[in-house]
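K.L.:
Just to be clear, the model below is a prediction. Sequence and coordinates:
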Amino acid sequence: MEFKSSNTQEVEKEVFLSRILFCSIAILILATIIITRLFFLMVIESDQYKLRSLNNTIRMQSLPASRGLIYDRNKNVLANNQPIFQLEMIPEQVLDVDTSLEQLADLDIIKKNNIDNIKQRIDKNLQFKSIVLRRNLSEREVAVFANNRNNFKGIDIKSRLSRHYPKGEIFSHALGYVGAISGGDYARFDPSFYTGKEQIGKTSIERNYEPYLRGKPGNQKLLVNVKGRIMERIDQHPFLPGNNLILTIDSELQETAYKAMGKQKGAVVILDASNGEILVMLSLPSFDPNKFSFGLTQKEFSTLSKNKNKPLFNRAIAGQYPPGSTIKPMIALGALEMGIIDPDVFMPCEGRFFLPNYSRPFNDWSTHGAVNVVRAIQASCDVYFYKIANEMGIDKMSHFLKQFNLGAPTQVDVDSEKNGVMPNKEWKRNNFTSRENQSWYKGETVIAGIGQGYMLATPLQLALATAIIANKGQAHKPHMLKAIEFTNSGEIQLIESESIDYISSIDDKNWDLIHEGMTAVINERRGTAYGIFPDNSPIAGKTGSSQVFSIDKRSGDEIPEELRDHGLFIGFAPIDKPEIIVSIIVENGGGGRIAAAPVAEKIFTSYLEGSETNNAN
Amino acid sequence: MQTNQFQLKTGNILADRAHIDMPLLSAFFIIFLISGIAIFSASNGNSNFVIDHSINIAISIIAMTIAAQLSPMSYERIAPWLYFLCLMLLIMVLVFGETRNNATRWLNLGITFQPSELMKIAMPLMIARYIATGTLPPTNISIFISLLIVLLPTAMILLQPDLGTSILIAFSGLVIVFLSGIKKRYLFTGLLFFIASLPFIWKNIHPFQQKRVLTFLDPEQDPLGAGYHIIQSKIAIGSGGLFGKGWMNGTQGQLDFLPERTTDFIFSILAEEFGLVGVIVIVIVYLFIVGRGLLIAINSQDLFSRLVASSISLTFFIYVFVNMGMTTGILPVVGVPLPLISKGGTSSVTLMIGLGILMSIRTHKRLISK
């Protein structure tokens, strides 16, 4: 080691001290930089970072409301909710929607061929509304997803309530069904009432009374960790449950009608004669609405919608059929009022009717001999009504029949009702394009007399017309909602029936004649429904057959099923003080007596037995 | 005698006998207390973490005490041996070191350790010894040899790769060359040379290190990937505000948004929970330790002690600066822990050995002057 003089040491120390001084200044500068930086982050920009910190940890979650229940008139549950697992996505929160969907398909949680459909729904979705990718996941699928949850930001499985219909297909057309909310639904209903996670009514009652059933969604503020796990619920606004609906439907009677129809296609509408309440609205074939709750695949839906028996079609309000002979009591009433016929005069029926200048005769289904108005209704004599129609003319006939609300909507409280057709000369001019087709032919008036030709009516329209007959001109607008039970107040609001005088100033005697004829249909020999009902039933009715094929008669067995006549039946009971109105159509049943009257018999018998027991009690 | 206005007073006799500097020891206890509080919070209240950490603290205090017993002269004597031993170990790491997380830093010789940590002690001792032996200001040759002594281990550690440690080791050596009175124009040329060699360095560092630097320049470009650490750290610090969210109440930390929060990012936890006020207290304690170290350096009577003490103090400051710089987003994330507060055994022990050497210099000098 070299020896250093004290002088050198002093010089060394001075250099050292000046350098240390430099370093100390550098330290102070660097420390100031750090503190300035901290001041900048923690004071000046602090609010921005506080917000970002909250965004990291606070999640607002919307809570879908529970849908109101639907009861029948006796408070039997027709639609309730049951818990299921559903896969939900908020597209805005997903980093890469395409990849996430692919990954879900790889895990077998969604179907690969469903991805395009989901993407379309995302395109039409509203901002920050959830989309339900799948409903009703199995426990296994829930477990598979839970294991991979970290890969799916913005996607989650939640336990939610889903619509359930305990009686399945029996009430599907009356109640309608629910499904995932579409872009179109948001256009029609206020989106603020939806989170996207709930189901929305798609048809019938579920659709029409959607604003009552849906409730109002709530929300909650959650504290989550970096993995999105909920650590704490900070704030909660619970949802308001939807209101319950009490329908006019009588589920026992509807089930009776369903059983009575068996495997036949068609519709049954039953009204309460005193107030227009719809006790039964049945359309067959039907479908299981529970499958719609979970969401049908494209294939399942097209199988249903392309089925030639049209199970999705509500025949009760949208099926338009020629009313056939069920129109006869109404035409007879018009003829009596107009003085075209005298109830005491018998007219001969030789099984056919000729018009001047028409080579072909208008055939009757049978040869009835001499009939007056009561007998003509009882035995459904076509010739009698050919003559009336010919004399009355189409415009008068149409004008009179329109008073039974035929050719016009009944204004029932569910959508997609059809108007039917009550033709006249003007109607023909407006609805045909070629000049040749626009003119009205006399023969068309003749067949209109037996409810054939252009005349069409829905089963509900026929039921309303029957109610007008039963009540002698006055009836209530048909409707399905009896009361709303408000869940937050417990209050029950009854729905008033609207009474309408459809026809006034008809001679009471004439009503009685019509009723007499319709009673004879059921209870007297040669009545078209005689022998089907028990003797002396307090029932008035009328059968009808509407031709699907041609006027040529072949024997029933030769005709393929889809070309057989539709069978119709209208009726009411009891005769003196009508309580129920029944309207039945059995498609391709082969005629009113064969197909529709037996169904009516089962319904009336069941109803009358029921009311006897009630009276006994 | 001496006209040094920064002259230290004679300390407690008992403490001097034990070669302990009471002001420094008090500061350590404050820092360790803060550390315990921070680690308990950063581990979401896991007391096992705190117990482990307390054991580390105990070991490092023992290591410090032992280091303080050796006289500065004996450090000067063993410096070259220690340096060459470390160099050998670093070569061994390069040849058959243990690899964890894509970095080969560990050596398994019965116990597994990082030789680069040992180099943190060996480097200032070696350079100080070499410079102190020659005349001052150093000659060109001794500057060249000093640079060689510094750059050889630095390069090897850079290859592991361990950017943070290599920066600290290079700094601890180079700062001595600077303090020895190297001419300003050399410093200037050195700086120019460094800037000129930046593209070369850039090409030769690991892609993940390149990414770190790029991310540092614009963290928001990859908010969920490379930029995530920086962004979440800034959110934690910024959301702390003036007084913080309170102990155990920081959402960034408690809800796991902040990664590596018991180690490199523990400062962000402290900032989030104790605010600007708490953080300034920490900065003051650190500045006190550094200032005390520099005072010891000024008051030491031989050149070797002076250089070693100032290198240890200034390197300690650089530790603090780099860590706070990277957590606040003004420096790239180079993996430097917050000294004595971050969890991590080896780094605490080597730091405390260094500070033990400071105490040794402080308490042994009167013996020399006699």
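P.N.:
Yep, it's here. Numbering: from 1, shown residues only, chains lettered A, B, ... in the order given.

K.L.:
Neighbours of the residue in the stretch 1-150 of chain A that chain B sits nearest to, how many?
P.N.:
Residue of the stretch 1-150 of chain A nearest chain B, by Cβ to the nearest Cβ: residue A:49 (2.6 Å). Glycine gets a C-beta too; all of them are placed from N, C-alpha and C. By other Cβ atoms under 10 Å in any protein chain shown, the residues close to residue A:49 number 22.

K.L.:
Am I right that it is in contact with residue B:231?
P.N.:
No: Residue A:49 lies out of contact with residue B:231 (Cβ atoms under 8 Å); the separation is 10.0 Å.

K.L.:
follow-up on the earlier one: leaving out the residues flanking it, which one is nearest to the residue of the stretch 1-150 of chain A closest to chain B?
P.N.:
residue B:238 (2.6 Å; Cβ to Cβ, 6 or more residues apart in numbering or on different chains).

K.L.:
does the one you found really touch residue A:48, like I thought?
P.N.:
Yes: counting by Cβ under 8 Å, residue B:238 does reach residue A:48; the two are 6.9 Å apart.

K.L.:
More neighbours: these two, which one.
P.N.:
Neighbours were counted for residue B:238 and for residue A:48 using other Cβ under 10 Å; residue B:238 has more, 29 against 14.

K.L.:
Now name the helix or strand holding the more buried one.
P.N.:
Here residue B:238 is covered by helix B:228-240, with elements defined by DSSP states H and E.

K.L.:
distance between whichever helix or strand comes after that helix and the chain's centre?
P.N.:
As assigned by DSSP H and E, the chain's next helix or strand after helix B:228-240 is helix B:251-254. Distance of helix B:251-254 from its chain centroid, counting by Cα atoms, centre = their mean, to the nearest Å, is 27 Å.

K.L.:
Which elements pack onto helix B:251-254?
P.N.:
helix A:46-57, helix B:22-42, helix B:228-240, helix B:266-299 (3 or more Cβ pairs under 8 Å, 6 or more residues apart in numbering or on different chains; DSSP states H and E).

K.L.:
With adjacent residues omitted, what lies nearest to the residue positioned nearest the centre of chain A?
P.N.:
Centroid check for chain A by Cα atoms, centre = their mean gives residue A:204 as the closest residue, at 2.2 Å. Nearest residue to residue A:204 in three dimensions, chain neighbours excluded: residue A:176, at 3.0 Å (Cβ to Cβ, 6+ apart).

K.L.:
Can you get me a residue count around the one you found?
P.N.:
26.

K.L.:
What are the buried residues along stretch A:109-118?
P.N.:
A:109, A:110, A:114, A:115, A:118 (16 or more other Cβ atoms under 10 Å in any protein chain shown).

K.L.:
can you list the residues of the stretch 201-350 of chain B near chain A?
P.N.:
Within the stretch 201-350 of chain B, the positions near chain A by Cβ under 8 Å from any Cβ of the partner chain are B:224, B:232, B:234-242, B:251-252, B:255-257, B:271, B:275-276, B:279-280, B:283, B:287, B:290, B:294, B:297-298, B:303, B:306-307, B:310, B:314, B:317, B:321, B:324-325, B:328, B:330.

K.L.:
which stretches of the stretch 301-450 of chain A aren't confidently modelled?
P.N.:
Scanning the stretch 301-450 of chain A for pLDDT under 70 picks out nothing.

K.L.:
tell me the average confidence for the helix ranked longest in chain A?
P.N.:
In chain A, with assignment by DSSP state H, the single longest helix is helix A:6-39. The average pLDDT within helix A:6-39 is 88.

K.L.:
can that helix be found next to chain B?
P.N.:
Yes: residues of helix A:6-39 contacting chain B under Cβ under 8 Å from any Cβ: A:8-9, A:11-13, A:15-17, A:19-20, A:23-24, A:27, A:30-31, A:33-35, A:37-39.

K.L.:
And stretch A:461-477, end to end?
P.N.:
11 Å (Cα to Cα, to the nearest Å).

K.L.:
Of all the helices and strands packed on helix B:251-254, which one comes closest to residue A:578?
P.N.:
helix A:46-57 (67.8 Å; Cβ to Cβ).

K.L.:
in the stretch 451-600 of chain A, which ranges drop under the pLDDT threshold?
P.N.:
A:548-559.

K.L.:
any chance of the helices and strands packed on helix B:251-254 in a markdown table, with distance to residue B:141 too?
P.N.:
Formatted as a markdown table, the helices and strands packed on helix B:251-254 follow (distance: least, Cβ to Cβ, whole Å):
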| stretch | distance to residue B:141 |
| --- | --- |
| helix A:46-57 | 53 |
| helix B:22-42 | 37 |
| helix B:228-240 | 44 |
| helix B:266-299 | 26 |
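
K.L.:
now for those, which one comes closest to residue A:575?
P.N.:
Going by Cβ to Cβ, the one of the helices and strands packed on helix B:251-254 nearest residue A:575 is helix A:46-57, 74.4 Å.

K.L.:
buried ones in that closest one?
P.N.:
Neighbour count says helix A:46-57 has A:46, A:49, A:50, A:52, A:53, A:56, A:57 buried, by 16+ other Cβ under 10 Å.

K.L.:
For it, report the contacting residues that lie outside it.
P.N.:
A:41, A:223-226, B:232, B:234-242, B:251-252, B:255, B:257 (Cβ atoms under 8 Å, 6 or more residues apart in numbering or on different chains).

K.L.:
from the chain's centre, how far out does stretch B:158-177 sit?
P.N.:
Centroid displacement of stretch B:158-177 relative to its chain, using Cα atoms, centre = their mean, is 10 Å.

K.L.:
Report the buried residues of that stretch.
P.N.:
For stretch B:158-177, using 16+ other Cβ under 10 Å, the buried residues are B:158-177.

K.L.:
For the chain, which strand extends over the most residues?
P.N.:
In the absence of a named chain, chain A is used. strand A:77-89 (DSSP state E).

K.L.:
oops, chain B please
P.N.:
Chain B, longest strand under DSSP E: strand B:103-109.

K.L.:
Quick check: beta-bridge partners of residue A:586?
P.N.:
Beta bridges link residue A:586 to residue A:266, residue A:567, judged by DSSP bridges.

K.L.:
Flag the shaky bits of chain B, pLDDT-wise.
P.N.:
In chain B, residues with pLDDT under 70: B:1-12, B:221-226, B:345, B:365-370.

K.L.:
Which residue ranges of it form helices?
P.N.:
With DSSP H as the criterion, chain B has helices spanning B:13-17, B:22-42, B:47-69, B:72-96, B:115-133, B:140-159, B:163-179, B:184-204, B:207-217, B:228-240, B:251-254, B:266-299, B:303-327, B:345-369.

K.L.:
Can you show me the CA trace of the first one as PDB?
P.N.:
Which is helix B:13-17. The C-alpha coordinates for helix B:13-17 follow below in PDB (Å, rounded to 0.1, in the frame of the first residue of the first chain):
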ATOM      1  CA  ILE B  13     -20.900   4.200  24.600                       C
ATOM      2  CA  LEU B  14     -22.700   0.900  24.900                       C
ATOM      3  CA  ALA B  15     -24.000   1.100  21.300                       C
ATOM      4  CA  ASP B  16     -20.500   2.000  20.100                       C
ATOM      5  CA  ARG B  17     -19.100  -1.000  21.900                       C
END
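
K.L.:
Kind regards, and thank you for your time.
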